[in-house]
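Enquirer: Give me the fold of what follows.
(chains A, B, C and D)
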There are 2 protein chains.
Amino acid sequence: MARDRVTINDVARAANVSAMSVSRVLNGRPGVGKQTRKRIEEAVEELGFRPSALAVGFRQGRLLGSVGMIIPRADPPLFSSLAAEIDERIASAGLTTVMASSGRNAERERSLARGFLAMGFEGLLLFSEDDDHAYLQPELDRGKSIVFLGSPPRNVRAPSVLVDNRAGAVDALGLLARRGHRRIAVVGSEATYQASERVAGAREAMGDLAPAEVQVVTTEITTEGGYRAGRSLLDAPGAPTGILCTNYLLTVGTLRAIRDSGRHVEVVSFDDFDTADLLTPPVSAISQDPHAIAEQASQLLLQGLDAGDRDAQVTTVTIHPRLLARGA
Amino acid sequence: MARDRVTINDVARAANVSAMSVSRVLNGRPGVGKQTRKRIEEAVEELGFRPSALAVGFRQGRLLGSVGMIIPRADPPLFSSLAAEIDERIASAGLTTVMASSGRNAERERSLARGFLAMGFEGLLLFSEDDDHAYLQPELDRGKSIVFLGSPPRNVRAPSVLVDNRAGAVDALGLLARRGHRRIAVVGSEATYQASERVAGAREAMGDLAPAEVQVVTTEITTEGGYRAGRSLLDAPGAPTGILCTNYLLTVGTLRAIRDSGRHVEVVSFDDFDTADLLTPPVSAISQDPHAIAEQASQLLLQGLDAGDRDAQVTTVTIHPRLLARGA
DNA sequence: CTGTTAGCGCTTTCAG
DNA sequence: CTGAAAGCGCTAACAG
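Expert: This is a model prediction of the structure:
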């Protein structure tokens, strides 16, 4: 029973009124008698009627109350905590954040971004790993509010909240050098914008660190990749005594490699994580403050939503990550 | 320019054809001449036309290709890894997973669940913390595929993938007892179904553990709550030597309390986490295998989507969590 | 307080 | 190969 969608007309018929009265009741609008209202409410309940958000959205030309957020993956702690923080702020502005993950696939990222906007979401938070965003020009022209997170918009003008990845990497190497390490390694990756910025930062800093030697190993962004990179560093002669890992997963893998090697190696992790202070020895970290990023991002997004048509100047916020020196 | 939504009619006009031909081209359907097709494609490009997913969905009565997933929060590692695993599987079935988090608020959870279904998603994965799901009856009657994760459907029949939380807690206490601990504590919470099941399991097991003494402390599910609970246990006389933490956040907080107290305490964590094996001493864990859960959940969901109208029997899959004994 | 009309953007159906 | 008509469910705008 009730296999077919129950429409507003079914309710109207059951309550012996017009669809308009039902609509008014549904939306809590005045202009319906107490009796009638009651009959309608009963009919709604009876039939299990749910207004089709699709029809409403279609009618209004947009889906009110929702913004989209696209992240590369749901599981890295940074993305998930950022997502949670942003979600909270958007929620307290009375909106719903709808998320999807691109699975680190640019094609999927694009179709999600377009899809969300086509579904009538008026705002989009885009944690992009794509290197061209020109395809979003039409939706920007149409006044959609798009905020880039973590990596800058390419070939398109839009507000963004960025992190100074290079500076973070420089700080991290500085700490290792200050702590007396002379053989330093960087376990990194070129797979994403963030990762390669960090590696680039490390490369830039190398010159200033003499007499310390810095070697860079790149690998895929997985714990396994980190483990292999760590093993290869530690098994070779002249193994490093200090390592910067440019990503959480690489940190975990490298830490396992260090444990298995039995050596004492100091690690700095780009991206802090819950248990960094609990490890022995504690792991120092470059922390991208999720609060700060979430705060800026949600503010920019909400501003963009309000802005309506006037195209405000495009804001870029760059956050300098903090070095959390632990141990020693 | 292009402030207003570009519609299929604008494209049709620009290309000097009817809307139907544009529609055919858009959907890759045959029956359009090469020349015409080309003109239309150019006009689409020119105008930056994007078909309104809202209009299409409305027309078809549903939003094809998407399923919804609701999680309590995006940041706990278990939810985020589960979300990522499920997303992957749904994606390889050619569908998109759209996520939202309830912020641990039952009201929000309901409106999201209804909202997703009202938006025309045909499937919903619900990681619920609500204790009544009768409100979903109408959508189930209408043939929506809803799969419950982690906690059972209440007052409604729907497939679910559950974890035997009690058994996990029993296993964990068993490990501590086997390892010779005679003063054991449980840091838990009654705030959610999962948490209270675990505490209940621990209470059940207490009798069988004599001569060990087991005390239970409940607190809020945050690292701070775990820290406070840990401190209160460790500062009191007869402090426990083994602690079961029934939730990741509680584990982190308790571990900090242990570190600060300078004591040696063995911890078992309900829910494994990346760095559990890297801590000193290593932290044993009760692991809810995200792969297994994701596998079952996505399968049930996809089955439900295919099922159409025939209401198959309602499947409940219960997964027995694994004890990962570490150290010692 | 209540109802009628019209149309949002798209696609199905049926004619040419 | 192409187009005209009709309608999906809902709500503004306008009667009554």
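
Enquirer: The closest residue to residue A:193 other than its chain neighbours: what's it in contact with?
Expert: Counting by C-beta to C-beta, 6 or more residues apart in numbering or on different chains, residue A:151 is the residue found nearest to residue A:193 once chain neighbours are left out, at 4.2 Å. The C-beta positions use only the backbone N, C-alpha and C, and glycine is treated the same way. Taking C-beta atoms under 8 Å, 6 or more residues apart in numbering or on different chains, we find residue A:151 in contact with A:127, A:128, A:129, A:162, A:192, A:193, A:194.

Enquirer: tell me the SS of residue A:187?
Expert: Assigned with DSSP: H, G, I helix; E, B strand; the rest coil, residue A:187 falls in the strand class.

Enquirer: so it touches residue A:234, yeah?
Expert: No - if you go by C-beta atoms under 8 Å, residue A:187 and residue A:234 don't touch, sitting 10.9 Å apart.

Enquirer: Comparing those two, which shows the higher neighbour count?
Expert: A count of neighbours by other C-beta atoms under 10 Å in any protein chain shown puts residue A:187 above the other of residue A:187 and residue A:234, at 31 against 19.

Enquirer: residues near residue A:306, how many?
Expert: 10.

Enquirer: go on, residue A:197?
Expert: Neighbour tally, residue A:197, other C-beta under 10 Å: 22.

Enquirer: measure it to residue A:41 for me?
Expert: According to C-beta to C-beta, to the nearest Å, residue A:197 stands 57 Å off from residue A:41.

Enquirer: now the stretch 1-150 of chain A, which segments are flagged as low pLDDT?
Expert: Within the stretch 1-150 of chain A, the ranges that satisfy pLDDT under 70 run A:1-3.

Enquirer: Number of residues surrounding whatever residue of the stretch 1-150 of chain A ends up closest to DNA strand D?
Expert: Residue of the stretch 1-150 of chain A nearest DNA strand D, by C-beta to the nearest atom of the strand: residue A:8 (2.9 Å). Residues lying near residue A:8 (other C-beta under 10 Å) number 19.

Enquirer: same check, this time on residue A:27
Expert: 9.

Enquirer: And for residue A:211?
Expert: Residues near residue A:211, counting by other C-beta under 10 Å: 6.

Enquirer: Need the contact partners of the top helix by length along chain A.
Expert: The helix that spans the most residues within chain A, counting by DSSP state H, is helix A:290-307. Outside helix A:290-307, the residues that touch it by C-beta under 8 Å, 6+ apart are A:67, A:78, A:81-82, A:85-86, A:88-90, A:93, A:122-123, A:125, A:143, A:145-147, A:149, A:159, A:161, A:163, A:312, A:315, A:317, A:319.

Enquirer: Show only the entries of those residues found in strands.
Expert: Members of the contacts of helix A:290-307 lying in strands (criterion: DSSP state E): A:67, A:123, A:125, A:145, A:146, A:147, A:149, A:161, A:163, A:317, A:319.

Enquirer: Residue A:74 contacts residue B:90, correct?
Expert: No - taking contacts as C-beta under 8 Å, residue A:74 lies outside contact range of residue B:90: 12.0 Å.

Enquirer: Could you tell me which residues make contact with residue A:78?
Expert: A:248, A:271, A:288, A:290.

Enquirer: tell me the pLDDT at the second one?
Expert: Pointing back at residue A:271 there. Per-residue confidence (pLDDT) for residue A:271: 91.

Enquirer: Skip the chain neighbours and tell me the closest residue to it.
Expert: In space, residue A:271 is closest to residue A:248, 4.5 Å off (C-beta to C-beta, 6+ apart).

Enquirer: ok, now which ones touch the one you found?
Expert: A:76, A:77, A:78, A:269, A:271, A:273.

Enquirer: So it versus residue B:285, what's the distance?
Expert: 19 Å.

Enquirer: could you pull out the strands for the stretch 1-150 of chain A?
Expert: A:66-71, A:96-101, A:123-126, A:145-149 (DSSP state E, counting those that start in this stretch).

Enquirer: How about the last one and chain B, touching?
Expert: By that I understand strand A:145-149. No - with C-beta under 8 Å from any C-beta of the partner chain as the criterion, chain B is not reached by strand A:145-149; the gap is at least 13.9 Å.

Enquirer: so what strands line up beside that strand?
Expert: With DSSP bridges as the test, strand A:145-149 is paired with strand A:123-126 (parallel), strand A:160-163 (parallel).

Enquirer: angle of that strand against strand A:66-71?
Expert: Angle, strand A:145-149 to strand A:66-71, by axes from the mean of the first three to the mean of the last three C-alpha atoms, to 10 degrees: 20 degrees.

Enquirer: quick one: contacts of strand A:145-149?
Expert: A:67, A:82, A:122-128, A:133, A:136, A:139-140, A:153, A:158-162, A:293, A:297, A:300-301, A:303-305, A:307.

Enquirer: List buried residues within the residues you listed.
Expert: Neighbour counting over the contacts of strand A:145-149 (16 or more other C-beta atoms under 10 Å in any protein chain shown) leaves A:67, A:82, A:122-128, A:133, A:136, A:139-140, A:153, A:158-162, A:293, A:297, A:300-301, A:304-305 as the buried ones.

Enquirer: could I get the contacts of residue A:151 as a markdown table with distance to residue B:104?
Expert: Shown next, in a markdown table, are the contacts of residue A:151 (distance: C-beta to C-beta, whole Å):
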| residue | distance to residue B:104 |
| --- | --- |
| A:127 | 23 |
| A:128 | 29 |
| A:129 | 30 |
| A:162 | 31 |
| A:192 | 31 |
| A:193 | 33 |
| A:194 | 30 |
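
Enquirer: Can you tell me which residues in the stretch 51-200 of chain A are near DNA strand D?
Expert: When proximity is defined as C-beta under 7 Å from any atom of the strand, the stretch 51-200 of chain A approaches DNA strand D at A:51, A:52, A:55, A:56, A:58, A:59, A:60.

Enquirer: In helices, which of those fall?
Expert: A:55, A:56, A:58, A:59, A:60.

Enquirer: just checking: which of those residues also lie near DNA strand C?
Expert: Near DNA strand C, by the rule C-beta under 7 Å from any atom of the strand, you find A:58, A:59 out of those.

Enquirer: Make a PyMOL selection of the buried ones in the ones in helices among the residues of the stretch 51-200 of chain A next to DNA strand D.
Expert: Per 16+ other C-beta under 10 Å, the buried members of those correspond to this PyMOL selection:
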select buried, chain A and resi 55+56+58
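
Enquirer: Looking at the stretch 101-250 of chain A, what residue ends up closest to chain B?
Expert: residue A:138 (3.0 Å; C-beta to the nearest C-beta).

Enquirer: okay, now the closest residue to that residue other than its chain neighbours: neighbour count?
Expert: Once flanking residues are discounted, residue A:138 sits nearest to residue B:48: 3.0 Å by C-beta to C-beta, 6+ apart. If you count neighbours by other C-beta under 10 Å, residue B:48 ends up with 16.
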